[in-house]
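K.L.:
missing the sequence, but the structure's below:
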């Protein structure tokens, strides 16, 4: 699946009851990204503690992270393909 196609499909499921913003950028998806990243990290932490990783659970949390990344990009008015392309340029320039 193309990242932009995912972003468009994910946006159809985005329902933010209140839209507090800072300079026109919705805050809700930013806070969601932080929260879901923490939940993904918790899956990894518990895997270290227990000696086995809940891969299915980690993948689900990572999917939630991806959804919020798409929402954050949309809030900034940029598509995911551009975000990915610019990130690769940055990484190659290191």
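P.N.:
Perfect, I can see it now. Since we're looking at a predicted model, the values are computed, not measured.
K.L.:
which non-adjacent residue is nearest the residue nearest the centre of the chain?
P.N.:
In the chain, the residue lying closest to the centroid (CA atoms, centre = their mean) is residue 69, at 2.8 Å. Counting by CB to CB, 6 or more residues apart in numbering, residue 69 lies nearest to residue 33, which is 6.4 Å off, once chain neighbours are set aside. C-beta here means a position set from N, CA and C on the backbone, and glycine is covered the same way.
K.L.:
what of residue 54?
P.N.:
residue 43 (5.7 Å).
K.L.:
what sits against the one you found?
P.N.:
Residue 43 sits next to 53, 54, 57, 58, 61 when contact means CB atoms under 8 Å, 6 or more residues apart in numbering.
K.L.:
thinking the fourth one is in contact with residue 44, fair?
P.N.:
When you say that, I think you mean residue 58. Yes. Applying CB atoms under 8 Å as the test, residue 58 and residue 44 come out as touching, 6.7 Å apart.
K.L.:
more neighbours: those two, which one.
P.N.:
residue 58 (18 against 13; other CB atoms under 10 Å).
K.L.:
tell me which element that one falls in.
P.N.:
Using DSSP states H and E, residue 58 sits within helix 55-76.
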